[in-house]
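Participant: quick one: sequence plus predicted model below, questions after.
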Amino acid sequence: MTTGDDERETLTWDQFGEASRDLAREILADEFVPDVVVAIARGGLLPAGAIAYGLGVKNCGALNVEFYTGIGTVLDAPEVLRPALDTEYLSGRKVLLVDDVADSGRTLALAVKLLRDRGADMRSVVIYTKPTTIVRPDYWWKETALWIDFPWSARGTVQEEDGA
């Protein structure tokens, strides 16, 4: 749903639940049953947990990547942050990589390369993909060119909200 004049896509909590279940069904219909679900933190943490529940996968991890520093502001290149994911464990396993959005695709490209280089049999899933992405995820719920307000991040930090 768009939010009118400000040209944004708004994902509600209810839509997030529907998207997560729809994506889990699509992944299973494709007969890909992951051994491990890996979130790209922070945006992929909630979608990864919801999709992992939908798939019945309990083995989860996170890859910490920083790229966006604000709305429309990015670092020169995405960077992997500590703590590090135990990527040796992923070798030879089926891994589902999860993020909230494939915007430029640079974060997703970095994570896909990292996991494939470690020998993971992997697929990627996002809630949203954008026409500008350099890497098309294997699964996505919706495509949009708009800025997306996710229910977990649209209000900013508590300090920002409280004016502190």
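Facilitator: Nice, I can see it. Residues are numbered from 1 along each chain as shown.
Participant: tell me where the model's unsure across this structure.
Facilitator: 1-6, 67-75, 164 (pLDDT under 70).
Participant: how about the helices of the chain, start to end?
Facilitator: 13-29, 45-55, 106-117, 158-162 (DSSP state H).
Participant: how distant is the last one from the center of its chain?
Facilitator: Remark: helix 158-162 is offset 25 Å from the chain centroid, using Cα atoms, centre = their mean, to the nearest Å.
Participant: kindly report the same for stretch 12-22.
Facilitator: Distance, stretch centre to chain centre, for stretch 12-22: 14 Å (Cα atoms, centre = their mean).
Participant: ok, stretch 144-160 next?
Facilitator: Mean C-alpha position of stretch 144-160 versus that of the full chain (Cα atoms, centre = their mean) differs by 14 Å.
Participant: again, but for stretch 56-63
Facilitator: Computed by Cα atoms, centre = their mean, the chain-centroid distance of stretch 56-63 equals 13 Å.
Participant: straight-line length of it, end to end?
Facilitator: Criterion Cα to Cα, to the nearest Å; first-to-last residue distance in stretch 56-63 is 20 Å.
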